[in-house]
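>>> No letters, just coordinates:
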């Protein structure tokens, strides 16, 4: 009788080095109609190793219902949900305004709560808002650094 061999389990969460592994984390809810900057796959899960749902076309709009660190959850015309890489979508709507901060706030590298803190801004200081993305403001600091602060810091 041949010895029992154990089958190697399939790799379930492989991704490219440039993306995060799939985690069982619920997307941060958002509501936005955003423009695709480039042709991009819509994936079944927030991973570029996931099955393709359909091809998104440059210049078309997608209905965004949630965000993870690297992917946006979208609702397709047929009602199905999928995920598109955030880099493929014009996330920030351009703006050019100065605002006075009403609260201290971290400056994040992405417009979601998974963003890495790259700096901080403080109550009473003016910030130059160069874009609006979901419930975040894209700011440009005097040093030239750009990042995102929660809109609540301006209320």
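Received the coordinates, thanks. The shown structure was predicted, so the numbers you read here are calculated from the model rather than taken from an experiment. Numbers count the residues shown, from 1 in each chain.
>>> CA only for contacts and neighbour counts going forward, please
Will do.
>>> So, low pLDDT: which residues of the protein?
Scanning the chain for pLDDT under 70 picks out the ranges 1-24.
>>> Please repeat the previous calculation with a cut-off of 90.
Counting by pLDDT under 90, the chain shows low-confidence ranges at 1-26, 69, 113, 154-155.
>>> Does residue 131 lie in a helix or a strand, and which?
Counting by DSSP states H and E, the element that carries residue 131 is strand 126-133.
>>> quick one: residue 117 and residue 111, what's the gap?
Applying C-alpha to C-alpha, to the nearest Å, the value for residue 117 to residue 111 is 11 Å.
>>> Please say which of these two ends up with more neighbours.
Neighbour totals were compared for residue 117 and residue 111, and residue 111 leads with 25 against 16 (other C-alpha atoms under 10 Å).
>>> so after the strand holding residue 131, what's the next helix or strand?
strand 136-140.
>>> mind listing what's buried in that next one?
Buried residues in strand 136-140, counting neighbours by 16 or more other C-alpha atoms under 10 Å, are found at 136-140.
>>> tell me which of those is nearest to residue 83?
Nearest to residue 83 among the buried residues of strand 136-140, counting by C-alpha to C-alpha, is residue 136 at 20.4 Å.
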